[in-house]
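In: how does the following fold in three dimensions:
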Amino acid sequence: MLTKFIFVWVLNWLPLIFSGTIILILIINHLFSSRKYLRFLKKLENTKLIYILIGATLLFDTVLSILQYVTWHSSPLSRFFLPPYQPINYFLSYILFHFWLAGLLVLILALAFYLFFKLAKKYRDDLVSSEELPLILLAGLLVGWPNFIILVPLFFLLTLIFSVVNLLVFKKKKNTLLYPLIISLVIVFLIGSYLVEHIFLSALVI
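Out: This is a model prediction of the structure:
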């Protein structure tokens, strides 16, 4: 019984711990990489972290799908949800909605977010740096669905605030998206679920 409880606890918290670790690496790489004892993390650049995150998500969702099949198959009642009692499409539809759909949805939205800035860079090269582009995609993937809906307006709001402060206080016209993006990412990661629940977005949770 204790083993089962620990296993379920690990499954519930593993994605959050993994995402939090990647965010911590991002913060270190972009804000504290000058410290010698942290420079080894610089090898984990944004593009590599994207591949690691996508790979880990695919692996985790695959494991959940297999466990769902095993769970249903091990029970005399739920076994009737599987072939030959039900077509395999029933099981595939179930795991698609419960395990895969949110990830696929946020991947599409994050790619659209990334491509928007990549296209904008062609017309205004100083809008976003080559280093910030993959960070935009990574941030979208990290917050997930439906927190992505909160990330985007918060990011644009913080970008506007930083632009005004830079212009009025520091007399700089050139702005960086790095700080607004990291700050909005941290905020959404920490309280995104709370905001989703209290601004009537909970119906979008998959």
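In: tally up the residues packed near residue 50, please.
Out: 19 (other Cβ atoms under 10 Å). Any C-beta I mention is one placed from the backbone N, CA and C, and that applies to glycine too.
In: quickly find the element holding it.
Out: helix 46-74 (DSSP states H and E).
In: which strands or helices does that helix pack on?
Out: helix 2-31, helix 88-95, helix 101-123, helix 132-143 (3 or more Cβ pairs under 8 Å, 6 or more residues apart in numbering; DSSP states H and E).
In: ok, the residue nearest the centre of the chain - contacts?
Out: With distances taken as Cα atoms, centre = their mean, residue 142 lies nearest the centre of the chain, 1.7 Å away. Residue 142 is in contact with 19, 22-23, 53, 185, 189, counting by Cβ atoms under 8 Å, 6 or more residues apart in numbering.
In: rewinding a little: now for the helices and strands packed on helix 46-74, which one comes closest to residue 80?
Out: Between residue 80 and the helices and strands packed on helix 46-74, the tightest spacing by Cβ to Cβ is seen for helix 88-95, at 10.1 Å.
In: got the angle for the closest one vs helix 101-123?
Out: Going by axes from the mean of the first three to the mean of the last three Cα atoms, to 10 degrees, helix 88-95 is angled at 60 degrees with respect to helix 101-123.
In: check which helices and strands helix 88-95 sits against.
Out: helix 46-74.
In: buried residues in the helix it packs on?
Out: 46, 49-50, 53, 57, 60-61, 65, 68, 72 (16 or more other Cβ atoms under 10 Å).
In: roughly how far is that helix from the heart of the chain?
Out: 14 Å (Cα atoms, centre = their mean, to the nearest Å).
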